[in-house]
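Asker: Pasted the sequence and its predicted model underneath.
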Amino acid sequence: MLRLFMDILVDSMYEALALFPYLYLTYLLMEYLEQRLSRQSMIYIRKSKQYGPIVGGLLGVIPQCGFSVSAANLYATGLISLGSMLAVFLSTSDEMVPVLLSSGIGGGIIIKILIVKVIYAIITGLLIDKFLPESFIKHKKDPNISAFCTQEKCKCENKKENIYKSAFNHTEKITIFIFVFALIVNTAFSFGGYDNVKNALTGMPVLGGLIAGLVGLIPSCYPSVLLSQLYADSAISLSTMMTGLLSNSGLGLLILYRVNKNTKEVGRIIALIYLISIVLGAITSIIF
């Protein structure tokens, strides 16, 4: 039992510390922009948002969840659009690649899955930014880093504040938050949660996609590990795995909830991600 608790503790610490560099660089960028942002820079950022989903879809496919965490923070300040953030979320695969590789799944299949996820992510992000009502997209206008700094009390609006120190303090606070949450989730999965989710996915194949989409919404790396392993064992279909991986963005949703105080908006975004993952999962079952 002591060994199990130690494993849970180590895994939780690893999840939190692995994101530290991404968080620090993100907050450092935000604080630098807050002190240096000019009118011309604001115009450039506003114009460049239209390409955000393309960049987001390509970055998110890299096997880690650091970019989804960064995207959640950048969205909260208005530096990227909702479509850009969701492109990162949808293309993020977290532990899928190493799990499938270690399970003997061919590289060709893995590459095909990644390409499809990127295409889904980019197209979805572009469509969301173009057609989703502006009332839904809170951060569609100018960036507002000052409001974010005031909310988070990171002191980046203070010109005399050392931005490196301020970014570190902010990152430290968020890292502790991630560690506590990861500890709770990892404990739950270790004491029956993993088996219960596995039984639900394999025991109700007709509802597999709907269940996988819900499982993917759990802000942790466990869903990507579980779904990928079940697919490698032929326990679930490719479309079911894809549905869960599309809705899973690692810890991205957790950070979005932490930094975006508009809980109704976060709820709408989560519902949107779930709906998109279900639709794209169904499309996957048709084309594969």
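Answerer: Happy to help now that I have it.

Asker: and the residue nearest to residue 247 when sequence neighbours are not counted, how many residues sit next to it?
Answerer: In space, and not counting its chain neighbours, residue 247 is closest to residue 216: 3.3 Å by Cβ to Cβ, 6 or more residues apart in numbering. Glycine gets a C-beta too; all of them are placed from N, C-alpha and C. Residue 216: 27 surrounding residues under other Cβ atoms under 10 Å.

Asker: Next: residue 131.
Answerer: When neighbours are counted by other Cβ under 10 Å, residue 131 registers 8.

Asker: Repeat that for the one 5 residues further on.
Answerer: Other residues within reach of residue 136 by the criterion other Cβ under 10 Å amount to 13.

Asker: Excluding covalently adjacent residues, which one is nearest to it?
Answerer: residue 268 (6.4 Å).

Asker: how about stretch 100-112: buried residues?
Answerer: Buried residues in stretch 100-112, counted by 16 or more other Cβ atoms under 10 Å: 100, 105, 110.

Asker: residues in contact with the first one?
Answerer: It stands for residue 100. 109, 110, 228, 231, 232 (Cβ atoms under 8 Å, 6 or more residues apart in numbering).

Asker: again, only this time at 6 Å
Answerer: 110, 228, 232 (Cβ atoms under 6 Å, 6 or more residues apart in numbering).

Asker: Can you tell me which of these is nearest residue 282?
Answerer: residue 228 (19.8 Å; Cβ to Cβ).

Asker: from what I can see the closest one touches residue 99, true?
Answerer: Yes: shown here, residue 228 and residue 99 form a contact pair, counting by Cβ atoms under 6 Å, at 3.9 Å.

Asker: So these two - more neighbours on which side?
Answerer: residue 228 (28 against 21).

Asker: which SSE is that one in?
Answerer: helix 222-232 (DSSP states H and E).

Asker: What are the contacting residues of that helix?
Answerer: 94-96, 99-100, 103, 105, 189, 215-216, 236, 241, 244, 248.

Asker: What ranges in the stretch 151-288 of the chain fall below the confidence cut-off?
Answerer: For the stretch 151-288 of the chain, the stretches flagged by pLDDT under 70 are 151-161, 192-194, 205.

Asker: Measure how buried residue 272 is and give me the count.
Answerer: 16.

Asker: Can you verify my assumption that residue 83 contacts residue 129?
Answerer: Yes: judged on Cβ under 6 Å, residue 83 makes contact with residue 129 at a distance of 3.5 Å.

Asker: Comparing the two, which residue is more hemmed in?
Answerer: residue 83 (29 against 20).

Asker: And that one, how far from residue 123?
Answerer: 10 Å (Cβ to Cβ, to the nearest Å).

Asker: helix or strand right after the helix or strand containing residue 179?
Answerer: Here residue 179, judged by DSSP H and E, is contained in helix 163-188. Sequence-wise, the next helix or strand downstream of helix 163-188 (DSSP H and E) is helix 194-203.

Asker: Between helix 194-203 and the helix or strand just after that next one, find me the angle.
Answerer: Heading C-terminal from helix 194-203, the first helix or strand you meet, by DSSP H and E, is helix 208-216. With axes from the mean of the first three to the mean of the last three Cα atoms, to 10 degrees defining the directions, helix 208-216 sits at 160 degrees from helix 194-203.

Asker: so how far is helix 208-216 off the chain centroid?
Answerer: In terms of Cα atoms, centre = their mean, to the nearest Å, the centre of helix 208-216 is found 16 Å from the chain centre.

Asker: Residues contacting it, please?
Answerer: For helix 208-216, contacts defined as Cβ under 6 Å, 6+ apart pick out 197, 200-201, 223, 236, 240, 243-244, 247-248, 274, 277-278, 281.

Asker: Of these, just say which sits nearest to residue 135.
Answerer: residue 274 (20.0 Å).

Asker: Show me where the stretch 1-150 of the chain has its helices.
Answerer: Shown for the stretch 1-150 of the chain, the helices assigned by DSSP state H, counting those that start in this stretch span residues 2-18, 20-36, 39-48, 52-60, 66-77, 82-91, 96-102, 107-131, 145-152.

Asker: neighbours around residue 165, how many?
Answerer: 11.

Asker: tell me the contacts of it?
Answerer: Not one residue lies near residue 165 by Cβ under 6 Å, 6+ apart.

Asker: Residue 17 versus that one, what's the distance?
Answerer: In terms of Cβ to Cβ, residue 165 sits 19 Å off from residue 17.
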